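Chemist: starting from these lines, generate the structure:
(one chain, ligands or ions: 2)
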Amino acid sequence: MQLNDSVKTIKGIGDKLQELFAKVSVNSVGELMTYYPVRYEDYKLPQDINTVRDGETCVICACVSNVKDNGTKSRIKVITCKANDPTGEVELVWFNQPYVKYELKAGYHYIFRGKVVQKGKKLSVEQAKIYRREDYFKLQNSLQPVYSLTKGLTNNAITKAMKQALVLAEDFPEYLPSATRKKYDVLKKKHALQEIHFPKSEETMLEARRSLVFEEFFLFGVFLRAMSKGRECAKSEAVITDNGMCEKLMGELPFKLTKGQLEAFENIKKDMTSGNVMARLVQGDVGSGKTIIAVLAMLLCASNGYQAAIMAPTEVLAEQHYSSMYGVFKRYGLKCELLTGSMTAKEKKEAYARIAAHEADIIIGTHTLFQEKLEFDNLALCITDEQHRFGVKQREKLGKKGMNPHILVMSATPIPRTLAMMLYGDMDISLVKELPADRLAIKNCVVGPEYRPTAYKFMAEQVKQGRQCYVICPMVDETEESDGENVTDYSARLQETFGDEIRVGMLHGKMKPTEKNIIMHKFSTGEIDILVSTTVVEVGVNVPNATVMMIENADRFGLAQLHQLRGRVGRGAYQSYCIFMYGNKSDDALERLNILKTSNDGFYIANEDLKLRGPGDLFGIRQSGELYFKIGDIYNDSDVLTKAYEAAHELTDKEADEVMRKLYESSAKEVFKFLENYATI
Ligand code: ADP
Ligand code: MG
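Modeler: Numbers count the residues shown, from 1 in each chain. Ligands and ions are numbered 1, 2, ... in the order given. Sure, this is the predicted structure:
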């Protein structure tokens, strides 16, 4: 068995299990080993019955009486019993576990571990695991790994496979130079792997975790270092001068630029006319007006005779940019070209030809702009919109096209300083702090499903006033298929509720890009009143006439994502509203949603999110896939991040090259994925 071998080489894994593992992206033995637990089950000391609380998981040691088979109620078999300890009594309930009846003997003590549920005044413990006391005490000093599962894949199956796979822990390449490892107290990879899955104690687990986090951040640091090498202070070949065009455009806009927008553009102009290559990040909250800054920069570039490109993370967004920019540039005698993945091969070929012949001045596209075949004439400016959606590698690739072009990246993600330094260490940063003056603060509410009819009524009124609304459905489960169905069902129901007067449209990930574009176009031109969608509208979509964002099952989304979704409204002068509708009313969920209710400020929200999750939440919740590290958490592990960054930059060039070489040459496929994994930063 080797790291790159299929998980099927592990004893006990057949075709079926292999398929299940594939669903959680575990294909090889190496990948399995880096499938880290999301938490650990700890076998804590039993508590007194009078201390159990609704919603918690409790462990009690109690004497059993009154074991009862309650027969079958609506096809569910119910077994109950009473459990006593000196402090009180509680009822235990099991659904569809008839054998429990034979396991429990009245008058005996057992240890139960289960979820406390309150119905009315009565507390009961549901689906408790039953342990004999001696068994439990044996487990008590260990931490058992709990993995993220998918339907059919049990924790037990993963644990069993993991035990076998770990025999290969030794084969994992050690990427950290030993000097670095010693200086920063990092465990050897094989020990860290062993301990992260089957820790001897909480202490060793934390040490292992820190080591793996360090390695991950360190490699990322070295990787970025290699990527940005040689870009610092490069001379620009493009000769760009201020020809007054941008001032002209500013004068023609229907609004006045905000202070932040003006400053950002002034900086850009200074960079681009300085003779050095620009590398600048414009960071501004959703709705702060970053697009116009990009337009001005492109105008400056193109009116000097060079090509400028802007890359958006989705086709919907690229399309939107194209239709909003096309007319503007036309007035200045400049041509726009749209390039997206859904274009036919013939269309693409023609577009390539026009771009190469400089028949296009402004090129707007998705990641298709990386196509090897695409050649620019004299590309002098590359812009990435919604930077956090792209890989660093991709950003670099585009940067390498043409003549060492100026780089401008735009992002709305509030990231901590340490990470910003790491990601954009070689960049200058412009902050667009304020929103345009004409904006009214979005009004928020956090409500339960019983409010739904009221919400619909409210939306109908807004539509009557000429406004538009979004409704976000959550994914029902991971598969995109059911995702689409869910949206389809929901919008059909909504159309029925509203009748013919209101036009409901839908958008989801399963639709073809062209279909999506048509729907988005209809929505932006007002031919659709209410758009039911998945989170595909999350990024960048700009329909200023939309004033209501209703998010179903809001408790299932991360705060950052909810903030992005909310950012789809409040983009014009109309009062806008965001309705966060929870499906599950837990204290946690309410607390989280209340943060959004009380603030519209992305940076504040990110900070509160961090506080809420706190160090108690061992591995943190990943930022809804936005900043994806396998084990590191950029918020909670920011001290490790700082150290790892330091370590990556202490290396000599030769040492750094050596680490990169190991990364690329490693026989562990898992490592190649490492680079791809950052595709969303
Ligand atoms: P984001 O920063 O989220 O990318 P956009 O650039 O899409 O925001 O801008 C959101 C909306 O605000 C657009 O409709 C845009 O035309 C408008 N806008 C941009 N700047 C201003 C401004 N200074 N005053 C008023 N409206 C503005
Ligand atoms: Mg934008």
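Chemist: quickly check: stretch 265-282 near ligand 1 or not.
Modeler: No. Against ligand 1, stretch 265-282 shows no contacts by CB under 6 Å from any ligand atom, the least distance being 8.8 Å. To be clear about C-beta, it is placed using only N, CA and C from the backbone, and glycine gets the same treatment.
Chemist: now Lys346: phi and psi?
Modeler: For Lys346, the backbone dihedrals (degrees, to the nearest 10) come out as phi -70, psi -50.
Chemist: residue contacts, it?
Modeler: Counting by CB atoms under 8 Å, 6 or more residues apart in numbering, Lys346 makes contact with nothing.
Chemist: can you tell me which strand in the protein is longest?
Modeler: The residue-count maximum for a strand in the chain (DSSP state E) belongs to strand 57-73.
Chemist: now do the buried residues in it.
Modeler: 58-62, 64, 67 (16 or more other CB atoms under 10 Å).
Chemist: contacts for that strand, please.
Modeler: Residues contacting strand 57-73 (CB under 8 Å, 6+ apart): 43-49, 52, 77-85, 90, 98, 101, 104-116, 125, 133.
Chemist: buried ones among these?
Modeler: By 16+ other CB under 10 Å, the contacts of strand 57-73 give 43, 46-47, 49, 52, 77-85, 90, 104, 110-114, 116, 125 as buried.
Chemist: filter those down to just the ones in strands.
Modeler: Among those, the members found in strands (DSSP E) are 77-85, 90, 110-114, 116, 125.
Chemist: please report how far Met381 lies from Ile634.
Modeler: Check again: residue 381 is Leu, not Met. 29 Å (CB to CB, to the nearest Å).
Chemist: which one of the two is surrounded by more residues?
Modeler: Just comparing Leu381 and Ile634: by other CB atoms under 10 Å the higher neighbour count belongs to Leu381, 27 against 24.
Chemist: and that one, which of the three is it?
Modeler: Of the three states, Leu381 takes strand under DSSP: H, G, I helix; E, B strand; the rest coil.
Chemist: any idea what it is bridged to?
Modeler: Beta-bridge partners for Leu381, by DSSP bridges, are Ala308, His406.
Chemist: and the gap between it and Ala302?
Modeler: Taking CB to CB, one finds Leu381 at 8 Å from Ala302.
Chemist: what of Asn542?
Modeler: Using CB to CB, we find Asn542 at a distance of 22 Å from Ala302.
Chemist: for Lys188, grab the count of nearby residues.
Modeler: Using other CB under 10 Å as the criterion, the residues surrounding Lys188 number 16.
Chemist: an error on my part: the question was meant for Glu247.
Modeler: Residues contacting Glu247 under the criterion other CB under 10 Å number 11.
Chemist: then Ser342?
Modeler: Ser342 has 16 nearby residues by other CB under 10 Å.
Chemist: tell me the contacts of it?
Modeler: Applying CB under 8 Å, 6+ apart to Ser342 gives the contacts 315, 512-514, 517.
Chemist: from the buried residues of strand 57-73, which is closest to ligand 1?
Modeler: For the buried residues of strand 57-73, the minimum distance to ligand 1 (CB to the nearest ligand atom) is 46.1 Å, reached by Cys58.
Chemist: report the beta-bridge partner residues of the closest one.
Modeler: Counting by DSSP bridges, Cys58 is bridged to Gly114.
Chemist: so for it, what's the pLDDT?
Modeler: Note for Cys58: predicted pLDDT of 93.
Chemist: likewise for Leu334?
Modeler: Note for Leu334: predicted pLDDT of 97.
Chemist: for it, give me its contacts.
Modeler: Contacts of Leu334 (CB under 8 Å, 6+ apart): 299, 302-303, 361-362.
Chemist: who wins on neighbours among those?
Modeler: Greatest neighbour count in these, by other CB under 10 Å, goes to Ile362: 26 neighbours.
Chemist: enumerate every residue touching that residue.
Modeler: So Ile362 contacts 298, 302, 307-310, 325, 329, 334-337 (CB under 8 Å, 6+ apart).
Chemist: name whatever forms a beta bridge with it.
Modeler: Bridge pairing for Ile362 - DSSP bridges - gives Ala308, Cys336.
Chemist: now do the buried residues in stretch 350-358.
Modeler: By 16+ other CB under 10 Å, the buried positions in stretch 350-358 come out as 351-352, 354-355.
Chemist: now it: mean pLDDT?
Modeler: The model assigns stretch 350-358 a mean pLDDT of 95.
Chemist: what parts of the stretch 551-681 of the chain come near ligand 1?
Modeler: Taking CB under 6 Å from any ligand atom, the part of the stretch 551-681 of the chain that reaches ligand 1 is made up of Arg571.
Chemist: residue ranges of the helices in the stretch 551-681 of the chain, please?
Modeler: For the stretch 551-681 of the chain, applying DSSP state H, counting those that start in this stretch gives helices covering 559-566, 587-598, 602-613, 638-650, 653-665, 669-677.
Chemist: what's the closest of these to Lys23?
Modeler: helix 669-677 (15.8 Å; CB to CB).
Chemist: can I assume Leu281 is in contact with Leu431?
Modeler: No. Judged on CB atoms under 8 Å, Leu281 makes no contact with Leu431 at a distance of 9.2 Å.
Chemist: mutual contacts of those two, please.
Modeler: Counting by CB under 8 Å, 6+ apart, Leu281 and Leu431 have no contacts in common.
Chemist: before we move on, the earlier item: what's the farthest-apart pair in the buried residues of stretch 350-358?
Modeler: Greatest spacing in the buried residues of stretch 350-358, by CB to CB: Tyr352 and Arg354 (7.4 Å).
Chemist: run the chain-centre distance for the longest strand of the chain.
Modeler: Distance of strand 57-73 from the chain centroid (CA atoms, centre = their mean, to the nearest Å) equals 41 Å.
Chemist: quick one: Cys469 is in a helix?
Modeler: No. Read with three-state DSSP, Cys469 is strand and lies in no helix.
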